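Engineer: pasting the sequence and the predicted coordinates here, then a few questions.
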Amino acid sequence: MSKSKQITTIVAILCCVILSDAGIKAEGPRAFFNGLFGSASKVSADPKADYPLDETNGPWMIYVKNYDGPNAREDARALALELRQKHGFNAYVYHKQFNHAQMLEEEEKNRQLEMEFRMTLHQNDIEDMPFHKPRYTTKFVNGSMADEFAVLVGDFQSIDDKDITKAYEKIRTLEPDCILAQLERDIALAERTGNGFSRTTMIDLQRFDMRDQSNGSVRPLAKAMKVTNPILPPEYFVNRVDDFVQKLNSETRYSLLRCQGKYTIMVGEYRGSAVIVASKDKQEAEKNEGILQQSNQLARAGDRAEQVCEALRLKNYEAYTFHDRTKSIVTVGSFNSLGKTDHNGDVTEFHAEIAGIIKTFAWDPEVDKEAYRASPDEPYQIGKRIMGVSLLPFPEPIEVPKPFINYNRR
């Protein structure tokens with residue numbers, strides 16, 4: 001294979017190969033190349049249908065545009081429909097009502113604090129210093145309530161999804177016909193009635209002005225961004241693995257994803273090299289000796305973790321393994337809390353069982369005096385060993401990762 005052809009095969013999908021080291025029977029991570037990202041299903045684009053956002057539209061999305069004002073609902077729906085009809089994107093409309101009363105209360109509270117502070121300065125004969133914060137009172141035309149409608153493109157399972165990146169780059173270059181029509185309508189209405197523009201219209205005017213000044217390099221949707229699904233609860237995104245990592249760990253015997261506790265103690269960490277290849281060129285790429293060598297580094301890291309886990313299980317430790325795109329780890333224990341904490345949530349004293357695990361697996365310079373390395377091309381390390389495989393010199397409490405949940409619409 002020519003060097004230029006090799007380069008063209010390197011794209012943005014991280015993947016691994018099946019563990020292949022001889023003599024190790026424990027199952028390690030597996031490579032999955034097909035069907036991990038995106039969907040080939042046809043996009044619905046019924047002019048009579050509404051496409052409201054819900055939790056099944058993927059945990060990751062692309063924010064396209066926000067609308068406010070009297071035509072917000074209809075304008076957002078028109079943009080979503082155009083993205084579906086002309087560009088094949090799964091576009092949705094998200095409606096949210098904002099109550100600004102709390103903002104007004106906070107503003108009044110800050111104003112009272114400022115007055116008290118200035119009174120204190122006056123009572124102590126200290127010259128009053130000007131505040132950087134402007135003194136003004138916020139007023140809302142329609143009271144404290146406001147309705148806004150956002151257009152989002154969804155059905156992406158992770159921020160690293162190849163489809164979300166492709167869609168994101170495309171959306172930022174678009175100039176939807178409906179946006180131009182909406183802008184012309186609002187300008188004509190303002191000229192006819194003498195009323196001002198909504199915030200949405202003002203932003204569009206500024207962007208089109210920037211586009212004209214930059215010879216078209218700034219597009220109306222240039223501020224599109226990758227976001228999480230606003231309907232899903234925040235805890236969904238805390239320490240949650242994606243579909244690829246979920247499948248990578250699905251066949252391991254003692255996967256950390258099946259651990260019932262919130263915390264565990266990491267006692268071993270083994271790193272490899274991530275392999276970057278195009279899934280459609282998998283067979284051709286695997287023929288390249290250099291790529292296979294990198295793959296085997298990651299596979300060997302997974303083998304080591306499985307080997308250590310099996311050995312610890314034989315010693316009656318509750319051990320687990322976890323594999324991701326660049327490393328494999330081994331942990332011990334399952335705990336719902338780490339111990340006593342201070343007001344900041346920092347641990348001040350570990351539970352006795354956790355402290356015992358840390359002490360058992362930590363490197364002790366009085367006992368563990370030998371430095372070693374796993375192979376001639378690796379640096380020397382310190383730490384305990386089990387079956388000739390290194391452990392971390394200092395065990396580390398970590399949160400247990402949560403399994404992937406597929407929220408895609410079926």
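Structural biologist: Structure's in. What do you need? Computed from a predicted structure; not experimentally measured.
Engineer: rest of the way, CA atoms for contacts and neighbours
Structural biologist: Fine.
Engineer: point out where this structure drops to low pLDDT.
Structural biologist: In the predicted model of the chain, residues 1-41, 98-107, 117-118, 121-145, 210-212, 214-218, 272-296, 369-381, 406-410 satisfy pLDDT under 70.
Engineer: helices of that one, residue ranges please.
Structural biologist: Secondary structure of the chain by DSSP state H: the helices cover 3-8, 72-87, 101-123, 162-171, 177-193, 199-213, 243-248, 282-286, 289-314, 352-361.
Engineer: domain ranges for the protein?
Structural biologist: Listed domain ranges for the chain are 3-29+249-399, 60-100+140-234 (source: automatic domain parsing).
Engineer: okay, the ones you listed in JSON lines with distance to Leu53 next?
Structural biologist: Conversion of the domains of the chain to JSON lines gives the following (distance: least, Cα to Cα, whole Å):
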{"stretch": "domain 3-29+249-399", "distance to Leu53": "28"}
{"stretch": "domain 60-100+140-234", "distance to Leu53": "5"}
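Engineer: nearest to Asp346, of the helices of the chain?
Structural biologist: helix 352-361 (15.2 Å; Cα to Cα).
Engineer: send the alpha carbons of stretch 67-84 over as CSV?
Structural biologist: What follows is stretch 67-84, C-alpha atoms only, in CSV (Å, rounded to 0.1, in the frame of the first residue of the first chain):
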residue,chain,number,x,y,z
TYR,A,67,-36.5,31.7,18.2
ASP,A,68,-38.4,34.1,20.3
GLY,A,69,-41.2,36.6,19.5
PRO,A,70,-44.8,36.2,18.2
ASN,A,71,-43.8,33.9,15.3
ALA,A,72,-41.3,31.8,17.2
ARG,A,73,-43.3,28.5,17.1
GLU,A,74,-44.1,28.6,13.4
ASP,A,75,-40.6,29.8,12.4
ALA,A,76,-38.9,27.0,14.4
ARG,A,77,-41.2,24.4,12.8
ALA,A,78,-40.5,25.8,9.3
LEU,A,79,-36.7,25.5,9.9
ALA,A,80,-37.0,22.0,11.3
LEU,A,81,-39.1,20.9,8.3
GLU,A,82,-36.7,22.4,5.8
LEU,A,83,-33.7,20.7,7.5
ARG,A,84,-35.7,17.4,7.1
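Engineer: beta partners for Ser328?
Structural biologist: Note on Ser328: beta-bridge partners by DSSP bridges are Tyr270, His323.
Engineer: measure it to Ile179 for me?
Structural biologist: 48 Å (Cα to Cα, to the nearest Å).
Engineer: of these two, give the one with the bigger neighbour count.
Structural biologist: Neighbour totals were compared for Ser328 and Ile179, and Ser328 leads with 25 against 18 (other Cα atoms under 10 Å).
Engineer: contact partners for that one?
Structural biologist: Residues in contact with Ser328 (Cα atoms under 8 Å, 6 or more residues apart in numbering) are 269-271, 301-302, 305, 321-322.
Engineer: of those - the most surrounded one?
Structural biologist: Using other Cα under 10 Å as the contact criterion, the top neighbour count among those goes to Gly302, which has 31 neighbours.
Engineer: isn't that one up against Gly268?
Structural biologist: No: under the criterion of Cα atoms under 8 Å, Gly302 is not in contact with Gly268, lying 11.1 Å apart.
Engineer: how about the contacts of Ser328 in JSON lines, adding distance to Val153?
Structural biologist: Below are the contacts of Ser328 laid out as JSON lines (distance: Cα to Cα, whole Å):
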{"residue": "Glu269", "distance to Val153": "38"}
{"residue": "Tyr270", "distance to Val153": "38"}
{"residue": "Arg271", "distance to Val153": "36"}
{"residue": "Ala301", "distance to Val153": "38"}
{"residue": "Gly302", "distance to Val153": "36"}
{"residue": "Ala305", "distance to Val153": "39"}
{"residue": "Thr321", "distance to Val153": "35"}
{"residue": "Phe322", "distance to Val153": "32"}
